[in-house]
Each structure stands twice: as structure tokens, then as C-alpha cells.
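Peer 1: got a predicted structure plus its sequence, pasted below:
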Amino acid sequence: MKLKHISHLQNQSSSKLFGLMPDNEEIYSFELANKNGMKLKVINYGATVTSLQVPLSDGKLVDVVLGFDNLQSYLDSYNLPSAPYFGTTVGRYAGRIHNASFTLNNKTFQLTGNNNGNTLHGGPFGFGRKAWQVTDITTGENPSITFGLLSEDLDENFPGEMHVYLTYTVTEQNELKLEYKATSTEDTVINLTHHSYFNLNGHDSTVLDQEMFIKAAKMLETDANNIPTGNFTDLTNHEFDFRTAKKCPFPIDNSFVINSKNEIAAKLISSKNNLQMNVYTDQPSVHIYVGGNCFNTLKGKENIDYNAQSGICFETQNFPDAPNQEHFPNAVLKKGEQYSQKTIYKFENIA
């Protein structure tokens, strides 16, 4: 795939200038809509979802993700005590890597610690902070947009020059479908995920009165710094057993082990809006996080004050720290091979 300049594709999509990067590079917002009225807004900064409006049974639209109205707030959010990563694409490695290092082919790579001496979400300047290019846009039924990113060799000290592509599709079944592909010029590690904070009641309310289902019998055991120990926690009779749907917890920052390639891995359910989100993925884990906020510093969309209970993340991904745990699923992308990942967030009215 060849990277095209965004201006070549602007006539094919509803797009508008969203803001300027510190080097004056223009960042655009693109809108995709299906025939039911579901609307996605996404910017090429971090290939970030800024808005996702879903139709309710009464025809009204509800914006089910947290975000900002302007680029400057996204830029400023990385200076908060802990960045919320609203709607962003996380890479090269989602989650934590212990001691900010891993060994591959008998060579140790020292990364930058940005979370208690560990590397979180690819380091301080991961994929979510980069300007992506638009490589393709389709209109009509099942409209889509594809973003591409060239991550240079030793970007955040990860080996290999990596080409990454992410296609967002808004299907006529009210699905937001994400398809990732990546290749590298050297053996490397990879773990990509999507970091939207969902709230089916709307981004201006709390998630704590919504219910969650996760098809997981165990989750990763972690230490005080949320690093996997290598062991698993049996969820039988555990407060985090969500095989029977129950209210969203707070706080939560845990990786659940799933094996549901053709089945629902997780659900979020709003009785207020009679709306349900089903999560499908080919990944071995869904990391559930409630706790991102703007620390009363930045205003969310529509001048909303977000708090730590405003949204919930369903981060479909490989296990955190898999490069350092031999019995965890493979996190190595070999030179000449292709990484691929598919996740679907499907919305349906339940009344």
C-alpha cells in the first residue's frame, strides 16, 4: 500500500481540518456513516476515534465514546499525570513491558520507562501521538477508512522499520470493525489495541450503572505495578467473574483471558438506552480499564467534565509483558511475516 497525501482523498469523504501539530502538519477529521445513521469521526492523529454516534430504538443518536473537540486537547492530554489515551491506537506494544526491556534473538532491547520503570503502551511517544497518513477511503455501503504509519527502526528503541495499517469500517449491521496489519524489516515485538472509552448512556454520564459480561474463566495475575506475574487467577467465585453480567466495577485495570474467535468475548449493556455493545476479537485477551480522566484540567467534548467513571475500555490485545513470558502467546513479528488483528464492536438495540 502506498501512502497518499490526505488532500488527494478529501473529496471522497466528509473531512475537515481538526488542528495543527507542533510542526504545523495538518490533522484532519473524517466522518463515516452507514444507512442507519451510525456515525464515526476519526482523526489521523493517532488514528484516533473522537466520536461514535449510535442510533437508539427511538431514532435518537447517542455518542458512546469519550473524546475532545480539538487537537490541542489531545496533545495536552499526554502531559496529564497519566494520559487517558482517549480513542487512540496503541503501539508498538499495548500494556506494560516489565523493566522497560525484553530480549529477542539473544539481544536485549532497553526501552524507555514511562510507568514506574516499566514501558506502558509503547513508551512515551507511541503510535497514538503520531500523525498517520490516509491510504484509502471507501463510501457507500460499509464505508471505511484506512490509516498507515511508518514507524522507523528503533522507534522508542523497538527493532525494525514497521509499516502499520488500520482500517475502520462502519458496517450496515451497526458494527465498528477494526482490522490491523503490520510488517517489519527485522524481527520485533508487537501488540496493537484500540483505546476508546465507551459509555452507552452517552459520554456525559457514568458507566457504573451499566452491566458488563466477559467470557473469561481466568485473568492474568499481576503485581503491585500491574505487571503480570506469569500466573493466572481463577475467576470462579471471584468478584471479577463477569460470565454472568453485572455492574461495571471501579476501579479495574485487568487482562481477562478469552478464547472466543467466533463468539462474543465481552458485552456492555445499558438498560437506560436499551443498547448493547458486543465485542468480538481474534486476540487472546481483553483488558478492561475504568479510571481514565482529565484531572479537572482538560474539558471533554461539548464542554463535559470527565471523571474516572466516565468510560470503560475494552482493549482487545495480546497479554501485557508477553515478550518476557515464554508461556504467554507469541508477541514476535518475524521479518517478512505479517501481523494481523481483527476486532469488532457491534451495537444493537435490546428492547
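Peer 2: Perfect, thanks for sending it.

Peer 1: same question for stretch 195-212, mean pLDDT?
Peer 2: Mean pLDDT, stretch 195-212: 97.

Peer 1: now that stretch: buried residues?
Peer 2: Using 16 or more other C-beta atoms under 10 Å as the test for burial, stretch 195-212 gives 195-207, 210-212. For glycine as for every other residue, the C-beta is placed from the backbone atoms N, C-alpha and C.

Peer 1: give me the distance between that stretch and the centre of its chain.
Peer 2: 15 Å (C-alpha atoms, centre = their mean, to the nearest Å).

Peer 1: residues of stretch 256-263 that come out buried?
Peer 2: In stretch 256-263, counting by 16+ other C-beta under 10 Å, buried: F256, V257, I258, S260.

Peer 1: so of those, which ones are in strands?
Peer 2: Using DSSP state E, the subset of the buried residues of stretch 256-263 located in strands is F256, V257.

Peer 1: reformat the buried residues of stretch 256-263 as JSON lines; add distance to Y28 and pLDDT.
Peer 2: As requested, the buried residues of stretch 256-263 are exported to JSON lines (distance: C-beta to C-beta, whole Å; pLDDT from 0 to 100):
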{"residue": "F256", "distance to Y28": "35", "pLDDT": "98"}
{"residue": "V257", "distance to Y28": "38", "pLDDT": "98"}
{"residue": "I258", "distance to Y28": "35", "pLDDT": "97"}
{"residue": "S260", "distance to Y28": "35", "pLDDT": "76"}
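
Peer 1: name the nearest of the buried residues of stretch 256-263 relative to Y85.
Peer 2: Taking C-beta to C-beta as the measure, Y85 lies nearest F256 of those, at 19.0 Å.

Peer 1: what segments of the stretch 201-350 of the chain are strands?
Peer 2: Taking DSSP state E, counting those that start in this stretch to define them, one finds strands in the stretch 201-350 of the chain at 211-214, 218-222, 228-234, 246-247, 252-257, 266-270, 275-281, 285-290, 312-317, 332-333, 339-349.

Peer 1: out of those, deepest packed?
Peer 2: Neighbour counts (mean count of other C-beta atoms under 10 Å) averaged over each of these peak at strand 312-317, with a mean of 26.

Peer 1: that one - what's its average pLDDT?
Peer 2: On average, strand 312-317 scores 98.

Peer 1: chain center to it, what's the gap?
Peer 2: Mean-position distance between strand 312-317 and its chain equals 6 Å (C-alpha atoms, centre = their mean).

Peer 1: tell me which strands and helices that strand is in contact with?
Peer 2: Packing partners of strand 312-317 (3 or more C-beta pairs under 8 Å, 6 or more residues apart in numbering; DSSP states H and E): strand 193-194, strand 197-198, strand 266-270, strand 275-281, strand 285-290, strand 339-349.

Peer 1: could you work out which of these reaches nearest to T222?
Peer 2: strand 285-290 (10.9 Å).

Peer 1: related to what we said a few turns ago, now the strands of the stretch 201-350 of the chain as TSV including distance to E31?
Peer 2: Shown next, in TSV, are those (distance: least, C-beta to C-beta, whole Å):
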stretch	distance to E31
strand 211-214	29
strand 218-222	37
strand 228-234	39
strand 246-247	33
strand 252-257	32
strand 266-270	23
strand 275-281	20
strand 285-290	27
strand 312-317	23
strand 332-333	32
strand 339-349	17
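
Peer 1: looking at those strands, spot the one closest to S73.
Peer 2: For S73, the closest of these is strand 312-317, at 18.5 Å, according to C-beta to C-beta.

Peer 1: using PDB, write out the CA atom coordinates for that closest one.
Peer 2: The C-alpha trace of strand 312-317 is given here as PDB (Å, rounded to 0.1, in the frame of the first residue of the first chain):
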ATOM      1  CA  ILE A 312     -14.800   1.800  30.100                       C
ATOM      2  CA  CYS A 313     -12.100   0.500  27.800                       C
ATOM      3  CA  PHE A 314     -12.300  -3.000  26.100                       C
ATOM      4  CA  GLU A 315      -8.700  -3.300  24.900                       C
ATOM      5  CA  THR A 316      -8.500  -6.400  22.800                       C
ATOM      6  CA  GLN A 317      -4.900  -7.500  22.600                       C
END
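
Peer 1: all numbers from here: first residue = 6
Peer 2: Yes, from this point I'll number from 6; that puts the last item at strand 317-322.

Peer 1: tell me the bridge partners for T151.
Peer 2: On the basis of DSSP bridges, T151 is bridged to D141, T172.

Peer 1: wait, doesn't it sit right on V139?
Peer 2: Yes - counting by C-beta atoms under 8 Å, V139 is a contact partner of T151 at 7.1 Å.

Peer 1: which of those two has more neighbours?
Peer 2: V139 (25 against 21; other C-beta atoms under 10 Å).

Peer 1: helices of this protein, start to end?
Peer 2: 76-82 (DSSP state H).

Peer 1: need the outlier residue of it, farthest from its centre.
Peer 2: The C-alpha centroid of the chain is most remote from N111, which lies 31.0 Å away (C-alpha atoms, centre = their mean).

Peer 1: with respect to T117, which of the helices and strands packed on strand 317-322 lies nearest?
Peer 2: So among those, strand 198-199 is nearest, using C-beta to C-beta, at 19.2 Å.

Peer 1: show me what the closest one is packed against.
Peer 2: strand 94-95, strand 317-322.

Peer 1: where does pLDDT dip in the protein?
Peer 2: For the chain, the stretches with pLDDT under 70 are 6-18.

Peer 1: partners of the spatially most central residue of it in the sheet?
Peer 2: Centroid check for the chain by C-alpha atoms, centre = their mean gives H199 as the closest residue, at 1.2 Å. For H199, the beta-bridge partners are T94 (DSSP bridges).

Peer 1: thanks again, I'm all set now.
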